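# have a look at this fold, sequence not included:
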């Protein structure tokens, strides 16, 4: 880590971070949906038929559709990597994509702590020690 945030600095970053975190959350959901779709369709033989021994009520999905789904998955992964790289450039630590949970490194009276925020919160209002996670979050007003 090369940067430490004050509370005001962290709050100013939220304007840029909110759309990145919302996009990551949505991309993750879409990636999971596509993964499940591909897995439930099963692997298809080159001729588009369901491999021997595969059973199911659903007709075999054309191999071309699965290829498109896999390419879309790779595109989502690439977009997500770019979002995570941007967070890393800002020295913000992504803790949970699904909830948009992030930590900002901060120094308080010479000791390092995490300022903690998640999507949906109006401002950075929480912090925790380096050794604790979100379960150890405390209000900023308790920070001394």
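Right, received. Where do you want to start? Since the model is a prediction, treat every value here as computed from it, not as a measurement.
# which strand or helix spans residue 127?
Secondary structure assigned from DSSP states H and E places residue 127 in strand 126-129.
# what are the pairing partners of that strand, and which direction each?
Strand 126-129 has the following strand partners under DSSP bridges: strand 111-117 (antiparallel), strand 138-139 (antiparallel).
# minimum distance to residue 100: which of these has it?
Between residue 100 and the strands paired with strand 126-129, the tightest spacing by CB to CB is seen for strand 111-117, at 8.4 Å. C-beta: built from backbone N, CA, C; applies to glycine.
# so for that closest one, what gets flagged as buried?
Taking 16 or more other CB atoms under 10 Å as the basis for neighbour counts, the residues of strand 111-117 that come out buried are 113, 114, 115, 116, 117.
# list the contacts for the most centrally placed residue in the chain?
Geometric centre of the chain, nearest residue: residue 97, 2.5 Å, by CA atoms, centre = their mean. Contacts of residue 97 were listed using CB atoms under 8 Å, 6 or more residues apart in numbering, and they are 21, 24, 25, 28, 80.
# out of the strands paired with strand 126-129, flag the one nearest residue 87.
Comparing these by CB to CB, strand 111-117 comes nearest, at 12.1 Å.
# ok, and what's touching that closest one?
Contacts made with strand 111-117 from outside it, assessed by CB under 8 Å, 6+ apart, are listed as 4-5, 7, 10, 14, 93, 101-107, 123-130, 134, 137, 140, 143.
# ok now that strand, how far from the chain's centre?
Taking CA atoms, centre = their mean, to the nearest Å, one finds strand 111-117 lying 19 Å from the centre of the chain it belongs to.
# quick thing: my sequence starts at 537, can you match it?
With 537 as the first residue, the last one maps to strand 647-653.
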